[in-house]
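> Provided below are the primary sequence and the corresponding predicted coordinates.
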Amino acid sequence: MNKPILNWTYKCFDELLKKELYTILRLRSEVFIVEQQCNYQDVDGKDLKCHHLMAWDDENLVAYTRIVPPGVSFAEASIGRVLTNAKYRGIGAGITLMEKSIEKVYETYGKRPIRIGAQLYLKKFYESFGFVKCSDEYLEDDIPHIEMLLA
């Protein structure tokens, strides 16, 4: 696939269009529930308090994260529901997504530490952005996770 020119948008929940929200929830379901074969409650009430960073290729959602305010998932701000559409993997969208997510956390909440709950197999990916493991391994929805901190 040729690398598309992505249109990045960043919105609080109340700014999301119905179609955008539907597309986000559909892609999260495709990746986290179907692809990872994990039955869990994706719609957890946190989305209402979060900002949502999206990369679009025309009508196609390429990559997504939700930016979680301090005090919702952790004492620190967080980046969650990190995903890249399977059709767009391998073009660097995930790297750009994390770079932009970190920037958006700093713009929105100030340059303070960011804590994430990371799937263990992505440890090296998150370390490449400066995140450091800061917890023991734990199971979340039967998937090994660790907490990581970007100080």
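Okay, I see it. Computed from a predicted structure; not experimentally measured.

> Measure how far the host helix or strand of Ala55 is from the centre of its chain, please.
Assigned by DSSP states H and E, Ala55 falls within strand 51-57. Once both centres are worked out by CA atoms, centre = their mean, to the nearest Å, strand 51-57 turns out to sit 10 Å from its chain's centre.

> Each with direction, which strands does that strand pair with?
strand 7-12 (antiparallel), strand 60-68 (antiparallel) (DSSP bridges).

> what would the ones you listed look like in JSON lines with distance to Asp47?
C-beta: built from backbone N, CA, C; applies to glycine. Listed next are these as JSON lines, based on distance: least, CB to CB, whole Å:
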{"stretch": "strand 7-12", "distance to Asp47": "10"}
{"stretch": "strand 60-68", "distance to Asp47": "6"}
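
> got the ones you listed as TSV, with distance to Leu97 and mean pLDDT columns?
TSV is the format used below for the strands paired with strand 51-57 (distance: least, CB to CB, whole Å; pLDDT from 0 to 100):
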stretch	distance to Leu97	mean pLDDT
strand 7-12	9	98
strand 60-68	4	97
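
> moving C-terminal of the helix or strand where Thr108 lies, what's the next helix or strand?
Thr108 is located in helix 93-109, with elements delineated by DSSP H and E. For helix 93-109, the following helix or strand on the C-terminal side (DSSP H and E) is strand 114-119.
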